[in-house]
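Participant: model the following, please.
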Amino acid sequence: MFTGEVLQGTQPKLIGPAAQNYAHLDPIVDRMVRQSPTERPSISEVIAELARYSRMPVVDQAPRTVVKTEAPISGLPPTADVAGKLELLRRDGTQIKIYPIIPTRCAEDEFRVNDVGPDTVQFDKPGSGHRITVPKSRIKEVLPMDPNGKSATVVVEGRLQWVSLRQSWKFFLEAPPAAANLQIGFGRPSSALDQRRIDVESMLKSRGTSVWLVDERYVPGAISEGRQVVYDEDGKYFRVPSGPNHLILVASGP
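Facilitator: Have a look, this model is predicted:
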């Protein structure tokens, strides 16, 4: 136990002041103890975060030396580079998860490596026809497979983002924020007269999709009821001022 106290409530005592080398756990714990289940990270997100930090240098405070740690990649050669690991995943048809992904409710969605080229990597979403191209330089690492050896996690520098009108996934160079809005990603200022938002609503309605402007405080509840945040072509959702709060455009599920 880092802090000497039992974790209770939504604002537990921070780990950082008690154990500096483990300060990176504070934002993870903060999300894990959120009251709303929809705001908590999935197991794969937690594993990805912990595995990512397990590769960071750990500072030994007495004496001040740097101790490097390396976590093994279960089921993949530990000496293989990222491209080599991706090629093995492609060859074996291994299911993978991609992190980070927005919205985070899709963190358990599975993809496959379709092609590893000189400059890009292509991923497929089985059964959907979706194909996502990611610059090879933006593939950060391949994390260990889960205990049953059926799925690995590919970490990208940027984010995999759902785009509502095209009903497909797209890679964006901008990484998601580390704050609480990680759950739904990036917002874009909008207004009651925002013509782009009005056009997006009209296009969705023409497909038989219902749309609503929901107070941002109630968006987690709307998501739990099966509604989806609407993301425009730039990968951002519409955020409309409403008094001291904001309204977010959401739509009925597929």
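
Participant: output the lowest mean pLDDT helix or strand found in this structure.
Facilitator: strand 58-61 (a mean of 41; mean pLDDT, DSSP states H and E).

Participant: sketch out the low-pLDDT regions of the stretch 101-250 of the chain for me.
Facilitator: Residues of the stretch 101-250 of the chain meeting the criterion pLDDT under 70: 146-149, 178-182.

Participant: which residues of it fall in strands?
Facilitator: 112-116, 120-125, 130-135, 139-143, 151-163, 168-172, 187-189, 211-215, 228-229, 237-242, 245-251 (DSSP state E, counting those that start in this stretch).

Participant: need those strands in TSV (columns: mean neighbour count and distance to residue 105).
Facilitator: C-betas here are computed from N, CA, C, even on glycine. Below are those laid out as TSV (neighbours: other Cβ atoms under 10 Å; distance: least, Cβ to Cβ, whole Å):
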stretch	mean neighbour count	distance to residue 105
strand 112-116	18	21
strand 120-125	19	15
strand 130-135	16	17
strand 139-143	20	20
strand 151-163	20	10
strand 168-172	18	14
strand 187-189	14	17
strand 211-215	16	15
strand 228-229	22	9
strand 237-242	19	14
strand 245-251	20	13
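
Participant: can you put the ones you listed in TSV and add distance to residue 98?
Facilitator: Compiled in TSV, the strands of the stretch 101-250 of the chain are given as follows (distance: least, Cβ to Cβ, whole Å):
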stretch	distance to residue 98
strand 112-116	10
strand 120-125	7
strand 130-135	8
strand 139-143	10
strand 151-163	5
strand 168-172	9
strand 187-189	22
strand 211-215	27
strand 228-229	19
strand 237-242	20
strand 245-251	23
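
Participant: any idea how far residue 232 is from residue 110?
Facilitator: 26 Å (Cβ to Cβ, to the nearest Å).

Participant: so the two - more neighbours on which side?
Facilitator: Taking other Cβ atoms under 10 Å, residue 232 and residue 110 do not tie; residue 232 has more neighbours (18 against 14).

Participant: I figured the more buried one hits residue 161, correct?
Facilitator: No: counting by Cβ atoms under 8 Å, residue 232 does not reach residue 161; the two are 10.5 Å apart.

Participant: can you pull the contacts of the residue nearest to residue 239 when sequence neighbours are not counted?
Facilitator: With sequence-adjacent residues excluded and distances taken as Cβ to Cβ, 6 or more residues apart in numbering, residue 239 is closest to residue 187, at 3.8 Å. Neighbour list for residue 187: 181, 236, 237, 238, 239, 246, 248 [criterion: Cβ atoms under 8 Å, 6 or more residues apart in numbering].

Participant: report the beta-bridge partners for the fifth one.
Facilitator: When bridges are assigned using DSSP bridges, the partners listed for residue 239 are residue 189, residue 248.

Participant: list the contacts of it.
Facilitator: Taking Cβ under 8 Å, 6+ apart as the test, what residue 239 contacts is 187, 188, 189, 190, 216, 246, 247, 248.

Participant: between the strands of the stretch 101-250 of the chain, which one is closest to residue 102.
Facilitator: strand 151-163 (5.0 Å; Cβ to Cβ).
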